[in-house]
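Undergrad: Here is a sequence together with a model predicted from it:
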Amino acid sequence: MKTVPISEAFDIFKPENVVFVISYDRKLKRPSGMVAGWSMKCSSDPKLFSVALWEKGYTHKLIRDTKEFVIAVPDKSLEKALNVFGTRHGDEIDKFKVTRIATQKAKHINVPLLSDATINMECELEQELKTGDHIIFVGKVLAAYRNEGKKVLLNMGKKEGKRVFQEFLLK
């Protein structure tokens, strides 16, 4: 076994899930969002889901302000939107307008759901934990939705500088 840079070891953790983290900007009166690779279920009673976000990011700021967010799991049909949500800043452009991504009203919070996502979860901020340059937001899942027959998109890593995604069917 040889010693490698820690960043290389981190990069080997593929495939990894990829999710949209949707938030709401009360000042601009519009939704915003980003793509995150670091998310997980973290409790079954109560139902909690967490996501790690860069502490200086726009979505981080919005979640802190509103105390709510949506986790949306994409399939291949949302790959183009993933690229916009994953590379552009929501305080600079309206990602929803640019991508024309379809949304629908959530039942319990003001953040919209992504109509074409495989899974959507409405989350109310339960707690946060500072971990280096990221904050782990733990959300209490208030409602969950599934589009039957849709697949889950996973990040397989990068090839020639571009992210490679692959779909997997849910049971």
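TA: Nice, I can see it. Residues are numbered from 1 along each chain as shown.

Undergrad: Below-threshold pLDDT in the chain: ranges please.
TA: For the chain, the stretches with pLDDT under 70 are 170-171.

Undergrad: what about the helices in it?
TA: 6-11, 58-66, 79-87, 95-99 (DSSP state H).

Undergrad: Distance from stretch 10-24 to the middle of the chain?
TA: 7 Å (Cα atoms, centre = their mean, to the nearest Å).

Undergrad: no no, stretch 34-52
TA: That offset, for stretch 34-52, works out to 9 Å (Cα atoms, centre = their mean).

Undergrad: Contacts for that stretch next, please.
TA: With contact meaning Cβ atoms under 8 Å, 6 or more residues apart in numbering, stretch 34-52 is reached by 16-21, 53, 57-59, 69, 71, 82, 85-86, 90, 121, 123, 126, 131, 134-141, 155. C-beta coordinates here come from the backbone N, C-alpha and C atoms, glycine included.

Undergrad: quick one: buried residues of that stretch?
TA: If you call a residue buried by 16 or more other Cβ atoms under 10 Å, then stretch 34-52 has these buried ones: 34, 35, 36, 37, 38, 39, 47, 48, 49, 50, 51, 52.

Undergrad: and the end-to-end length of it?
TA: For stretch 34-52, the first-to-last residue distance is 12 Å (Cα to Cα, to the nearest Å).

Undergrad: ok, what's across the strand from the closest residue in space to residue 134 that isn't next to it in sequence?
TA: Closest residue to residue 134 apart from its sequence neighbours, by Cβ to Cβ, 6 or more residues apart in numbering: residue 52 at 4.4 Å. Following DSSP bridges, residue 52 is listed with bridge partners residue 136.
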